[in-house]
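Q: Have a look at this prediction, sequence included:
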Amino acid sequence: MSEQRLYAVPEPLYLELPSSWLPRVALSQGESLTAVKRFLGFSQQKDVDLSFLGMQADAVAAMCGLKAGVFDEAIRVLRLALSLDMRHPVLFYAEGRPRYRFCVECLAGLRTPYFPLHWRFDAYRMCSQHQCLMEENCPHCGAMVCPQQGRGNSGKTRGSQTFSSQCFQCSKFLWDMIPLKVHGIPDRLFIQHEKMRLTNGGAFVAALLTGEASIPNSDETDPGIVLPRIERMGMFASGMKSRAAYLRKKMPAKYWRSMNAGGGSLYSSQLSTELAVNASIGDPDNGTLGPSEISRKEWENVSKILNYWREGKKFSRG
Ligand SMILES: [Zn+2]
Ligand SMILES: [Zn+2]
């Protein structure tokens with residue numbers, strides 16, 4: 001790679017994480033991820049998604065023969081997420097390594113599998129499109145998912161991991177599992193307000209995309225103020241009990257039988273914005289359902305943002 005620029009580099013897909021795009025670049029060049037990162041000026045050690053924020057994105061685009069501004073939207077949303085005064089707006093391990101989740105059905109259905117940046121948001125624990133819990137582990141070997149291993153030098157045998165949809169450790173397809181549909185989770189494991197909190201993960205993403213989040217009786221529309229406030233109200237999913245790995249172990253066998261037999265959920269009702277509007281919220285800390293302190297109007301506003309996400313933004317390939 002002695003040239004000044006690369007040729008035939010794939011464009012980043014909608015909201016694609018740099019950690020997902022770089023391996024695709026490496027594959028397109030027949031080079032190692034390390035060589036591509038070095039050529040483009042990425043640090044070898046750091047979290048590439050975050051280190052990209054400190055780089056000249058348009059210079060990287062130019063070196064790849066891509067038009068200026070191609071990374072702008074992803075950078076804007078990631079910056080905004082990181083700036084939020086919240087517990088874990090963006091996923092990391094304790095030692096600072098990046099952490100990811102994925103939707104089984106999204107990964108199986110994407111023509112070019114990739115990791116969009118909202119898969120690194122802690123509040124986004126349920127796919128808004130498929131209503132299934134986001135997963136963190138390979139179903140075959142249990143490895144924590146990570147898209148940024150170099151294609152060609154990872155996988156079970158050298159070169160056997162080609163797509164983001166493959167486990168970096170065992171090379172098998174990550175989507176090769178039965179998704180954990182929220183409506184199939186029994187209420188004893190997962191009380192109703194937990195399902196609403198999961199729904200709000202979509203609203204969280206929508207607020208970051210639109211740059212707006214409104215709450216009644218307040219003129220405030222700055223997501224930087226509104227989203228932390230919503231978190232303090234306990235309206236975003238958090239903790240072990242809304243994680244797929246935990247719930248998978250607790251699920252009754254009939255769920256898996258049902259999914260295997262018909263591919264359908266045990267529960268036919270669709271998760272809708274009405275669920276969020278009509279339900280009452282309890283105190284998430286003591287787990288009891290009680291009268292809501294959040295007005296119906298307030299829910300409607302969150303739902304509006306959610307609708308924006310569902311209808312317009314999800315995986316639209318512009
Ligand atoms: Zn999905
Ligand atoms: Zn694996």
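A: Ah, there it is. Numbering: from 1, shown residues only. Ligands and ions are numbered 1, 2, ... in the order given.
Q: What about residue 87, how many residues nearby?
A: By the criterion of other CB atoms under 10 Å, residue 87 has 12 neighbours. Where you see a C-beta, it was placed from the backbone N, CA and C, and this is true even at glycine.
Q: can I assume it is in contact with residue 237?
A: No. Here residue 87 does not reach residue 237: they are 11.8 Å apart, not a contact under CB atoms under 8 Å.
Q: Return the list of helices and strands in contact with the longest helix along the chain.
A: Taking DSSP state H as the criterion, the chain has its longest helix at helix 192-210. Where contact means 3 or more CB pairs under 8 Å, 6 or more residues apart in numbering; DSSP states H and E, helix 192-210 is packed against helix 72-83, helix 223-232, helix 273-278, helix 296-308.
Q: ok, 6 Å please
A: Judged by 3 or more CB pairs under 6 Å, 6 or more residues apart in numbering; DSSP states H and E, the packing partners of helix 192-210 are helix 72-83, helix 296-308.
Q: Pull the distance from it to the chain's centre.
A: The chain centre lies 12 Å from the centre of helix 192-210; the measure is CA atoms, centre = their mean, to the nearest Å.
Q: May I see the buried residues of it?
A: Across helix 192-210, burial judged by 16 or more other CB atoms under 10 Å covers 193-210.
Q: gap between the two ends of stretch 211-231?
A: 17 Å (CA to CA, to the nearest Å).
Q: mean pLDDT lowest for which of the helices and strands packed on helix 192-210?
A: Ranked by mean pLDDT, those bottom out at helix 296-308, with a mean of 49.
Q: Tell me which residues touch the spatially closest residue to residue 136 that is not a sequence neighbour, please.
A: Using CB to CB, 6 or more residues apart in numbering and skipping the chain neighbours, the partner closest in space to residue 136 is residue 101 (5.3 Å). Shown in contact with residue 101 (CB atoms under 6 Å, 6 or more residues apart in numbering): 119, 134, 136.
Q: Was I right to think the second one contacts residue 125?
A: Yes. Counting by CB atoms under 6 Å, a contact exists between residue 134 and residue 125, whose distance comes to 5.3 Å.
Q: Settle it for me: which of those two has more neighbours?
A: Remark: of residue 134 and residue 125, residue 134 carries more neighbours, 28 against 22, as counted by other CB under 10 Å.
Q: ok, now how distant is that one from residue 29?
A: The gap separating residue 134 from residue 29 is 31 Å, by CB to CB, to the nearest Å.
Q: for residue 108, same thing?
A: In terms of CB to CB, residue 108 sits 27 Å off from residue 29.
Q: End to end on stretch 173-180, go ahead and measure it.
A: First-to-last residue span, stretch 173-180, CA to CA: 17 Å.
Q: Likewise for stretch 39-57?
A: First-to-last distance for stretch 39-57 - CA to CA - comes to 14 Å.
Q: Give me the buried positions along that stretch.
A: Buried-residue list, stretch 39-57, by 16+ other CB under 10 Å: 39-40, 42, 47-52, 55, 57.
Q: can you tell me which residue is nearest the centre of this protein?
A: In the chain, the residue lying closest to the centroid (CA atoms, centre = their mean) is residue 119, at 1.4 Å.
Q: Apart from its neighbours in sequence, what residue is nearest that residue?
A: According to CB to CB, 6+ apart, the nearest residue to residue 119 is residue 101 (5.3 Å).
Q: What of residue 186?
A: Leaving aside its sequence neighbours, residue 186 sits nearest to residue 252 (CB to CB, 6+ apart; 6.8 Å).
Q: Next: residue 61.
A: Nearest residue to residue 61, sequence neighbours excluded (CB to CB, 6+ apart): residue 70, at 5.1 Å.
Q: Okay, now the unreliable bits of the stretch 201-318 of the chain?
A: 214-217, 262-318 (pLDDT under 70).
Q: Distance of the residue nearest to residue 119 relative to residue 132?
A: 11 Å.
Q: Then residue 251?
A: From residue 251 across to residue 132, the span is 12 Å (CB to CB).
Q: Looking at these two, which is more packed in?
A: residue 132 (22 against 17).
Q: Just give me the neighbour total for the residue nearest to the more buried one when sequence neighbours are not counted.
A: Among residues not flanking residue 132 along the chain, residue 179 sits closest, at 3.9 Å (CB to CB, 6+ apart). Residue 179 has 22 neighbouring residues, counting by other CB under 10 Å.
Q: show me where the protein has helices.
A: All helices of the chain, identified by DSSP H, fall at 18-29, 33-40, 48-53, 57-63, 72-83, 104-109, 192-210, 223-232, 244-250, 253-262, 273-278, 296-308.
Q: Which one of those lies nearest to residue 170?
A: helix 104-109 (15.5 Å; CB to CB).
Q: got the buried residues for the closest one?
A: Within helix 104-109, the residues that count as buried by 16+ other CB under 10 Å are 104-108.
Q: could you dump those to CSV with pLDDT and distance to residue 165?
A: Listed next are the buried residues of helix 104-109 as CSV, based on pLDDT from 0 to 100; distance: CB to CB, whole Å:
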residue, pLDDT, distance to residue 165
104, 93, 10
105, 90, 12
106, 88, 10
107, 89, 5
108, 89, 7
